[in-house]
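*Asks:* Sequence first, predicted model second:
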Amino acid sequence: MGVPPLRLTQQVQLAQLHFRQTQVYKDSIPGTLYDITMSRSQDLPPQAMEKLMQQAQNHLHPQPAQNPPEVNQARPGNKEKSYKNWIRVQASDLWRRELMTFKSRICAPGRFQAYVQYNTTDLERVNLYKPAPYLSIHHGHALDLIRLRTQAWPQYIPTHLHFSGRKGRQEYQHRHCEYCHQQGVLGDETHIFLRCPATASLIGETATQINRILRLFDTPPWSSLRVFLEEGRWGVSKQDAYPLSVCEG
């Protein structure tokens, strides 16, 4: 859910490789060759591996002369691992700032926007490369979660019903609700959770179970969605949404 994108993950790997060549194995033959190559880096093509390694390190670790304390205090055999964990935190901070900037804008609806709005608490983890608690806790629904997260069961995901048939791919803004069939109503998470009359009774009936699972995974209660209504987010009014009091338990 909040894992930084591939471009940042690649930079983490390249920065780790730079650290390995310049500090862990700097006195080895590969380290020496890397140092010689970087001494004439201005002559390297833009896509040269050595140049990409240096750029990634400068982006994630602007002051390479000063290693973080946890890296300096690590045993020699664990320094690279400690540096990798630290650089992942830096990449997580960069990605978190990007998402928060995105959240502050008014953007067209989409799956990315829905994730940022609904999973803000998930982004509070220091290292976004570590799985969220609801994924790391041992329970009997691990396989079901994998199937849902990989969209192997689109027919069981309310906002993915348009994928479950033989219809052609539709643009997000044209994916209307498959439950209530109101004309021109977008079947996104906001509508399914808060506005759709066809799902209101179902969510009310399972409110106790929903809150029990949310507490197990250390996530905000379902009733916390009231905050979004009161602040006028998602374009949902209190009159349009069904009462969240039925989901408190």
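*Replies:* Ah, there it is.

*Asks:* Quick one: neighbours of S28, just the number.
*Replies:* 12 (other Cβ atoms under 10 Å). Every C-beta, even on glycine, is put in place using the N, C-alpha and C of the backbone.

*Asks:* Need the phi and psi values for it.
*Replies:* Per-residue torsions, S28: phi -90, psi 170 (degrees, to the nearest 10).

*Asks:* Let me know the pLDDT of it.
*Replies:* Per-residue confidence at S28 stands at 93 (pLDDT).

*Asks:* mean confidence score for stretch 79-90?
*Replies:* Average pLDDT, stretch 79-90: 94.

*Asks:* got a list of contacts for that stretch?
*Replies:* Residues outside stretch 79-90 that contact it (Cβ atoms under 8 Å, 6 or more residues apart in numbering): 12, 15-16, 19-20, 23-24, 60-61, 67-68, 70-71, 74, 126-129.

*Asks:* Just the buried ones from those residues?
*Replies:* With neighbours counted by 16 or more other Cβ atoms under 10 Å, the contacts of stretch 79-90 contain buried members at 12, 15-16, 19-20, 24, 60-61, 67-68, 71, 74, 128-129.

*Asks:* Was I right to think C196 contacts H181?
*Replies:* No. Assessed by Cβ atoms under 8 Å, C196 is found out of contact with H181, at 10.3 Å.

*Asks:* And those two? Which one has more around it.
*Replies:* Neighbour count, other Cβ under 10 Å: between C196 and H181, C196 has more, with 22 against 10.

*Asks:* and the helix ranked longest in the chain, which residues are buried?
*Replies:* Longest among the helix segments of the chain by residue count, using DSSP state H, is helix 79-103. Of all the residues in helix 79-103, those buried under the rule 16+ other Cβ under 10 Å are 79-80, 82-92, 95-96, 99.

*Asks:* so which two of those residues are the farthest from each other?
*Replies:* Greatest spacing in the buried residues of helix 79-103, by Cβ to Cβ: K79 and L99 (30.5 Å).

*Asks:* Looking at the buried ones among the contacts of stretch 79-90, which are in strands?
*Replies:* In this view, the buried ones among the contacts of stretch 79-90 have no member that belongs to strands under DSSP state E.

*Asks:* quick check, nearest of those residues to L202?
*Replies:* Among those, L128 lies closest to L202 (Cβ to Cβ), at 32.2 Å.

*Asks:* How about the contacts made by the residue nearest to the closest one when sequence neighbours are not counted?
*Replies:* Spatial nearest neighbour of L128, excluding adjacent residues (Cβ to Cβ, 6 or more residues apart in numbering): S92 at 4.0 Å. S92 sits next to 4, 125-129 when contact means Cβ under 8 Å, 6+ apart.

*Asks:* To be precise, which single item in those has the lowest pLDDT?
*Replies:* Among these, R125 has the lowest pLDDT, at 82.
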